[in-house]
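1. quick one, what's the 3D model for this:
(2 chains)
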Amino acid sequence: MRITGAKIVVETLIEQGCETVFGFPGGQVIDLFDELYLSSDRIHHILTAHEQGAAHAADGFARATGKVGVCIATSGPGATNLVTGIATAYLDSVPVVAITGNVPCSLIGRDSFQEVDILGVTMPVTKHNFIVKDIRELADTLRSAFKIAKSGRPGPVLVDIPKDVQTAEWDFEPRPDPVRPYPLTFASENKLRRAAELINAAEKPYIYFGGGIVSGKASKELLALADKIDAPLGSSLMGLSAVPYDCPRFLGMNGKHGHYASFAALTEADLVIALGVRFSDRSAFEGDSLPKIIHIDIDNAELDKNVPADLAIEGDIKDSLYRLIPMLGEHEHPEWSARIEELRNEERRRYDLADSRRGDIAGKLAPHDIIGVVSSLASEDDIIVTDVGQHQMWTAQMYPLRKPRTFLTSGGLGTMGYGMGAAIGASAATGRRAVLFTGDGSFGMSLNELATAVSQKTPLVVVIMNNGVLGMVRQLQTRFYDKHYSATTLARQTDFVKVAEAFGAKGGRAANADELRALAEEAFAYDGTFVIDCAVDCDEAVQSPLRETD
Amino acid sequence: MEYKQYVIGVIVSNVSGVLSRVSGMFTRRGFNIDCLTVGETESAGFSRITVAFRGDNDIRDKILKQLEKLHDVKEVEVLDPNDTVIRELLLIKVHNSPATRQDIMTAVEIFRSKIVDYSPSALICELTGETSKIDAFIELMKPYGIMEMCRTGIVAIERGDNCLKTMKQL
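-> Numbering: from 1, shown residues only, chains lettered A, B, ... in the order given. The predicted structure follows:
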């Protein structure tokens, strides 16, 4: 059938299994939005308050489901507003297809109204990007975008479509199925055998895993490996939710703001088995006396990039573990296990000490109390989302996550303002409730999306850890900058309860655990968006395993 | 750490923006390019980029892996300098004067260069060869007064029947 480019876009999206898109209209995508209007019974468009929210929503959609998230924006400012969201998805390997309109081909390069070279802008933050100047290539280019986004290590792909390509007409034949990803890379048998030799010889093995376990659906294999070789597990921030928080082998998040035992065990291990993790500079994986490292990852370019491995294996993580486990003997490391237990006790001692030093502060809630109350009311299927800062690390450290894809956070890029969009996208994708932990700083960057949450009737509990400061930076200023609190004290008078109400959401304020519990019960019973403003002391600090206490 | 020069051949899809993607990868990740050339290949849909850069084994491997990740890059290979024909083209314009003309002509002959333009006040020499030969010729021309020059950067191709791509891929 011969149809317009705009209709080809919508038909191809539907063909690719896309039922929900997030976006914001504008002059150069008006044709595309016209087709979305006409096809609204087959594809649901969610209008956000800002294009950045749409990009984060597509990201949240993808992280919560593993499917490709799609966002749409117009040319120029619409497109550039997507960029932070695209970069966020890129750094955390999230499959997103971003579609932008552009000025007609004849006007490209003339600095036309709302023209920007979005291909050039997004080249460093996409897996790949396209501009479609020939309508005959439109459908296949979109298919390629989906294919690239979900193949191997996932990531965002942008497709820029000039207006005249949207209005031109060409033949379109829908394909019966969505495109399949490129074939998986399978680890070499020899390398897996060498890995098995190293693991069989290890006395103090430590498994360090990342987001690859979540996106590679390898939680079961990961736990089987740990059981077979009697090894503790530690994760990166992105690895959280891959194993239940109360799994006895799991020591929690590693890294600069990780758990003490997780960090200390890694420094004492004689073999680190790194799985689907990229040794980011936050991983605290440095020093002169590194243990032996086996590194398995789907992305060859991550091997030996940040930390040299003794054995680097490129391959799909699920398949690699599935084949590796039978090569391993059943091991028990009683001394190592006893040492791990000591480290856990030391961790408890440190945290108790920190708590006792802190004491109760009148009119303020302790972060672990906030997380404790909220998590006691949330279901294990609720999707936990964070913004970026202290609240993010507290949530990562303490929230009892149980299921993969229930923890959404901007790990690589550290995007303040990520949370609202991501929560809306995740909830739209799953129909489940989202719980956003945010700070007053981060929430200030994205609270415009309350409008979207209300219009979508998103079941969303927003928990603001409101300390009146930009806490993470302030914490650094306290320690390293002689308490020069430059630009981190928010002398704002924002009333977040009124803000919530003004947007049509509900809200309440909590200054102690009883108030919080009452509000949270109301929030979780409410079928919509509820904002809880929690008073937190400005000197609450995120504990670091690198030092005793603050 | 010992740095040496590597020459790599890269087969890429012949699509707009591909040069930006390849050169942008070097800039973005802090790798330095000594020279980069690009041109058509025997197959219409593909271009060949030759890049020379300095680094150690580790830098070389990182560059190869990052290039291989680019969607438009189809093949990357380090070319063994002992088994590769490496050439560069120089066009150099020097002052033409009765006093120096004969010396220049002699140098041109010894270097198997060619004079491709001649006017009473200037002449243009064309020279192909490996980088060291080009450098030496430029050095030799300096006393006569170089008016302007341009060099293409290197192109490189393996000796024998080794090829950078298999026919199947193209």
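
2. check the offset of the helix ranked longest in chain A from the chain's centre.
-> If you go by DSSP state H, chain A has its longest helix at helix A:334-358. In terms of CA atoms, centre = their mean, to the nearest Å, the centre of helix A:334-358 is set 29 Å apart from its chain centre.

3. kindly report the same for stretch A:39-57.
-> Distance of stretch A:39-57 from the chain centroid (CA atoms, centre = their mean) equals 19 Å.

4. over to stretch B:57-69?
-> 20 Å.

5. wait, does that stretch contact chain A?
-> Yes. Figure legend: stretch B:57-69 in contact with chain A (CB under 8 Å from any CB of the partner chain); contacting residues B:58, B:61-62, B:65-66, B:68-69. Backbone N, C-alpha and C define where each C-beta goes, glycine included.

6. ok, back up a step: show me what the longest helix of chain A is packed up against.
-> Helix A:334-358 makes packing contacts with strand A:250-253, helix A:260-268 when contacts are defined by 3 or more CB pairs under 8 Å, 6 or more residues apart in numbering or on different chains; DSSP states H and E.

7. where does residue 75 land in three-state SS?
-> By default, I'm working from chain A. Following DSSP: H, G, I helix; E, B strand; the rest coil, residue A:75 is assigned to coil.

8. chain B is the one I meant
-> Put simply, residue B:75 is strand when judged by three-state DSSP.

9. tell me the contacts of the most centrally placed residue in chain B?
-> Closest to where the C-alpha atoms of chain B average out (CA atoms, centre = their mean) is residue B:154, at 1.1 Å. For residue B:154, the contacting residues are B:7, B:35, B:37, B:50, B:52, B:86-88, B:131, by CB atoms under 8 Å, 6 or more residues apart in numbering or on different chains.

10. repeat that for residue A:138.
-> Going by CB under 8 Å, 6+ apart, residue A:138 touches A:5, A:8-9, A:12, A:132, A:161, A:165, A:170.

11. let's have those residues in CSV, adding secondary structure, pLDDT and neighbour count.
-> Formatted as CSV, the contacts of residue A:138 follow (DSSP: H, G, I helix; E, B strand; the rest coil; pLDDT from 0 to 100; neighbours: other CB atoms under 10 Å in any protein chain shown):
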residue, secondary structure, pLDDT, neighbour count
A:5, helix, 98, 24
A:8, helix, 98, 27
A:9, helix, 98, 26
A:12, helix, 98, 23
A:132, coil, 98, 25
A:161, strand, 98, 29
A:165, helix, 98, 27
A:170, strand, 98, 18
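
12. out of the residues you listed, who's near chain B?
-> Among those, not one lies near chain B by CB under 8 Å from any CB.

13. how many other residues sit next to residue A:541?
-> Other residues near residue A:541 number 20, with proximity taken as other CB atoms under 10 Å in any protein chain shown.

14. am I right that it is in a strand?
-> No. Counting by three-state DSSP, residue A:541 is located in no strand; its state is coil.

15. that one and residue A:478 touch, don't they?
-> Yes. Counting by CB atoms under 8 Å, residue A:478 is a contact partner of residue A:541 at 7.4 Å.

16. what's the burial count for residue A:448?
-> Neighbourhood size, residue A:448 [other CB under 10 Å]: 17.

17. which helix or which strand is home to the closest residue to it other than its chain neighbours?
-> Closest residue to residue A:448 apart from its sequence neighbours, by CB to CB, 6 or more residues apart in numbering or on different chains: residue A:49 at 4.1 Å. Using DSSP states H and E, residue A:49 sits within no helix or strand.

18. repeat that for residue A:71.
-> strand A:69-73.

19. elements contacting that strand?
-> Using 3+ CB pairs under 8 Å, 6+ apart, strand A:69-73 sits against strand A:20-23, helix A:51-65, helix A:77-91, strand A:96-102.

20. ok so, going back, which residues touch the residue lying closest to the residue nearest to the centre of chain B once chain neighbours are set aside?
-> Nearest residue to residue B:154 in three dimensions, chain neighbours excluded: residue B:88, at 4.8 Å (CB to CB, 6+ apart). Taking CB under 8 Å, 6+ apart as the contact definition, residue B:88 lies against B:128-131, B:134, B:151-155.

21. how about a cut-off of 7 Å?
-> Residue B:88 makes contact with B:128-131, B:134, B:151-154, according to CB atoms under 7 Å, 6 or more residues apart in numbering or on different chains.

22. now stretch A:327-345, how far from the centre of its chain.
-> Centroid separation between stretch A:327-345 and its chain, computed with CA atoms, centre = their mean, is 31 Å.

23. may I have that stretch exported as CSV, CA atoms only?
-> Output in CSV follows, covering the C-alpha atoms of stretch A:327-345 (Å, rounded to 0.1, in the frame of the first residue of the first chain):
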residue,chain,number,x,y,z
MET,A,327,33.0,-27.2,34.0
LEU,A,328,33.4,-26.2,37.7
GLY,A,329,33.8,-28.5,40.6
GLU,A,330,31.7,-28.1,43.8
HIS,A,331,33.7,-26.0,46.1
GLU,A,332,33.5,-25.0,49.7
HIS,A,333,35.7,-22.3,51.2
PRO,A,334,35.0,-22.4,54.9
GLU,A,335,37.8,-20.0,55.9
TRP,A,336,36.7,-17.5,53.2
SER,A,337,33.1,-17.8,54.3
ALA,A,338,34.1,-17.2,57.9
ARG,A,339,36.0,-14.2,56.9
ILE,A,340,33.0,-12.9,54.9
GLU,A,341,30.9,-13.3,58.1
GLU,A,342,33.5,-11.3,60.0
LEU,A,343,33.3,-8.5,57.4
ARG,A,344,29.5,-8.5,57.7
ASN,A,345,29.8,-8.2,61.4
